[in-house]
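J.: one predicted model, sequence on top.
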2 protein chains.
Amino acid sequence: MAMSISELARGAGVGVETVRYYQRRGLLEDPRPQKTGAGGIRHYGPDEARRLRFIRSAQDAGFTLEEIGELLRLDSSDDRPRAREMARTRIAALDQQISRLRAARQSLAKLAKECAGGVDGPCPIIASFEGVG
Amino acid sequence: MAMSISELARGAGVGVETVRYYQRRGLLEDPRPQKTGAGGIRHYGPDEARRLRFIRSAQDAGFTLEEIGELLRLDSSDDRPRAREMARTRIAALDQQISRLRAARQSLAKLAKECAGGVDGPCPIIASFEGVG
DNA sequence: CTTGACTCCGTACTATGGTACGGGACCTAT
DNA sequence: ATAGGTCCCGTACCATAGTACGGAGTCAAG
């Protein structure tokens, strides 16, 4: 049940240094300040593991660590409007980004196709992107 | 026909400093080395403008500036296999990224919905992402 | 022929998200 | 009880993609 930092890290697919970085950023709590003075080895439970996985998911969703910090704070507060707003804002950004990536994919497909077509000579890489940006 | 650096930059929606940065990186040529010694004010034509727009498009497609440099070099070489390979690799990465973003969008929609549902108390932000990463 | 906008150039600084390093403490198996 | 593997801690460093700054040169208009 109680994990070491390296087990915690491995469980989320990140490095130990990354976990420690998140602690420094205040995204993960450092489970120990109340202990009797001396600095000893930390132990982590499923809560920390979930929190860490959440951080990675939220990162995949495009939130910055800064925003993730806010989300984590919201998770235990009652500010629903703020949480909804953040979600909506990010969804809009995601939709935009997804369309951009789709457009980019189109251009690349075009590039690959045109490049496969001719027999020799350079393929028109720059031209393949014309009228896209 | 001949533009100043700031016109070139504006035309691509970037800053002058960014153009100069790309020149330093070797992505845009510096139109002048062969001129008679003295360093004077550069003038840019439609070629440079297209090249700059390409850089932005390729960035949207997720290529790094390093990779864009390679693409630009490929554009005037005959290495079609390499160009196709880069395109295919990037398309695969884009497809992955698009799915990830879609999944993230799902989670966020869930978060927004659950957060809108209850009347008070915190909304389960972390829980909304469970089973996503 | 000066003023103000723009340019050039080099260097330094920024933000983001880590990654590495070195020394000491600690824990476990032999 | 000692060797090897972890852990803790602070500090430093890294890559990417710019952005800012200061001083000097240049250019067009009034």
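T.: Noted; the coordinates are in hand.
J.: okay, CA-based contacts and neighbour counts for the rest of this
T.: OK.
J.: distance of the closest residue to A:Gly26 other than its chain neighbours from B:Pro122?
T.: Spatially, and ignoring its direct neighbours in sequence, A:Gly26 is nearest to A:Gly69 (7.4 Å; CA to CA, 6 or more residues apart in numbering or on different chains). In this structure, A:Gly69 and B:Pro122 are 15 Å apart, going by CA to CA, to the nearest Å.
J.: next: A:Asp79.
T.: Going from A:Asp79 to B:Pro122 by CA to CA gives 7 Å.
J.: likewise A:Pro122?
T.: Counting by CA to CA, the gap between A:Pro122 and B:Pro122 amounts to 59 Å.
J.: what do you get for A:Arg105?
T.: Summarising the geometry, the distance separating A:Arg105 from B:Pro122, computed by CA to CA, is 39 Å.
J.: between the two, point out the one with more neighbours.
T.: Neighbour totals were compared for A:Arg105 and B:Pro122, and A:Arg105 leads with 24 against 16 (other CA atoms under 10 Å in any protein chain shown).
J.: check contacts around that one.
T.: Under the criterion of CA atoms under 8 Å, 6 or more residues apart in numbering or on different chains, the neighbours of A:Arg105 are B:61, B:91, B:94.
J.: which of the residues you listed are close to DNA strand C?
T.: Restricting these to those near DNA strand C by CA under 7 Å from any atom of the strand leaves nothing, as none qualifies.
J.: out of those, who's near chain A?
T.: B:61, B:91, B:94 (CA under 8 Å from any CA of the partner chain).
J.: closest to DNA strand D among the residues you listed?
T.: For the ones next to chain A among the contacts of A:Arg105, the closest approach to DNA strand D (CA to the nearest atom of the strand) belongs to B:Ala61, at 10.7 Å.
J.: any idea how far the closest residue to that closest one other than its chain neighbours lies from DNA strand D?
T.: When the adjacent residues along the chain are set aside, B:Ala61 lies closest to A:Ala104, with 4.7 Å between them (CA to CA, 6+ apart). Using CA to the nearest atom of the strand, to the nearest Å, one obtains 15 Å as the distance from A:Ala104 to DNA strand D.
J.: list the buried ones in the helix or strand containing A:Ala104?
T.: A:Ala104 is located in helix A:80-117, with elements delineated by DSSP states H and E. By 16 or more other CA atoms under 10 Å in any protein chain shown, the buried positions in helix A:80-117 come out as A:80, A:83-84, A:86-88, A:90-91, A:94, A:97-98, A:100-112, A:114-115.
J.: contacting residues around A:Lys110?
T.: A:Ser128.
J.: swap the cut-off to 10 Å and go again
T.: Residues near A:Lys110 by CA atoms under 10 Å, 6 or more residues apart in numbering or on different chains: A:104, A:116, A:125, A:127-129, B:87.
J.: same question, A:Arg80
T.: Taking CA under 10 Å, 6+ apart as the contact definition, A:Arg80 lies against A:74, A:86, B:112, B:114-125.
J.: where's it relative to DNA strand C, distance?
T.: Using CA to the nearest atom of the strand, which is the criterion applied here, A:Arg80 is 23 Å from DNA strand C.
J.: any idea of the pLDDT on that residue?
T.: Turning to A:Arg80, the model gives it a pLDDT of 89.
J.: give me the neighbour count for A:Gly40.
T.: Per other CA under 10 Å, the neighbour tally for A:Gly40 reads 9.
J.: quick one: it and A:Arg32 touch, right?
T.: Yes. Checked against CA atoms under 10 Å, the pair A:Gly40 and A:Arg32 is within contact range at 8.2 Å.
J.: quick check: neighbours shared by these two?
T.: Taking CA under 10 Å, 6+ apart as the contact criterion, no residue touches both A:Gly40 and A:Arg32.
J.: roughly how far does the residue of chain A found nearest DNA strand C sit from chain B?
T.: Across chain A, no residue is closer to DNA strand C than A:Thr64, which sits at 3.6 Å (CA to the nearest atom of the strand). Separation of A:Thr64 from chain B (CA to the nearest CA, to the nearest Å): 14 Å.
J.: OK, contacts around the spatially most central residue of chain A?
T.: Centroid-nearest residue in chain A: A:Gln59, 1.5 Å away (criterion: CA atoms, centre = their mean). Counting by CA under 10 Å, 6+ apart, A:Gln59 makes contact with A:53, A:65, A:67-68, B:104, B:133.
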